[in-house]
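[1] one predicted model, sequence on top.
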Amino acid sequence: MAKKLNKMNRNNNIHTCKCRKGFVLVLTLFAALIMSALIIAYVNIQTIDLNLIKNNLGSKKAYYIAEAGLADAFNEIRLNGPLADTQWEKTFPPNTSSAYSVSVFQNSTVITSTGFDSASNFSRTLEVLVRIPVKVAPPHFFRISQFKEITW
């Protein structure tokens with residue numbers, strides 16, 4: 001009788017093991033599916049963050065290039081006095097494709113500078129209202145009465 005019980009127990013174990021073989025496969029596939037979804041979501045978030053950083057950097061570069069154009073106009077006014085209505089464009093920094101464009105209007109009272117960063121294709125425009133006291137000899141001093149950004 002003891003031999004018969006052992007044989008029955010062995011058969012029951014074999015039957016139970018056959019039922020559990022597919023469960024491990026399903027559990028493994030489910031875990032792999034969840035891990036894949038988490039990895040894809042993480043990569044997507046990192047890509048979006050990288051694009052936001054690039055856009056922010058390009059926008060700031062365009063802003064500072066526009067400020068360089070204003071500094072160039074201020075230097076011209078300091079050396080030569082009030083300028084007639086004029087426009088000029090220069091690459092900044094030199095030997096790059098980024099540039100600024102400066103426009104001077106109303107006898108140097110309104111100065112507009114647009115900076116363009118070619119790497120990120122961003123542009124920013126700054127406008128300054130200037131008061132220049134009448135003075136004959138250089139250096140010509142002036143006062144900035146308003147500084148604003150036109151485009152963002």
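    That came through fine. None of these values were measured; they are calculated from a predicted model.
[2] okay, CA-based contacts and neighbour counts for the rest of this
    OK.
[3] residue closest to the middle of this structure?
    The centroid of the chain falls nearest to Asn55 when counting by CA atoms, centre = their mean (2.0 Å).
[4] backbone dihedrals for the closest residue to that residue other than its chain neighbours, please?
    Distance criterion CA to CA, 6 or more residues apart in numbering; nearest residue to Asn55, sequence neighbours excluded, is Ser120 at 7.0 Å. Dihedral angles phi and psi of Ser120 (degrees, to the nearest 10) take the values phi -110, psi 0.
[5] how about Tyr100?
    Dihedral angles of Tyr100 (phi, psi; degrees, to the nearest 10) stand at phi -130, psi 150.
[6] contacting residues for it?
    Ile65, Ala66, Ala68, Gly69, Glu89, Lys90, Thr91, Phe92, Ser113, Thr114, Gly115, Phe116 (CA atoms under 8 Å, 6 or more residues apart in numbering).
[7] wait, the last one sits on Ile65?
    Yes: in terms of CA atoms under 8 Å, Phe116 counts as a neighbour of Ile65; the distance is 7.0 Å.
[8] anything in contact with each of the two?
    Ser98, Ala99, Tyr100.
[9] so what's the residue count around the first one?
    Counted with other CA atoms under 10 Å, the burial measure for Ser98 works out to 22 neighbours.
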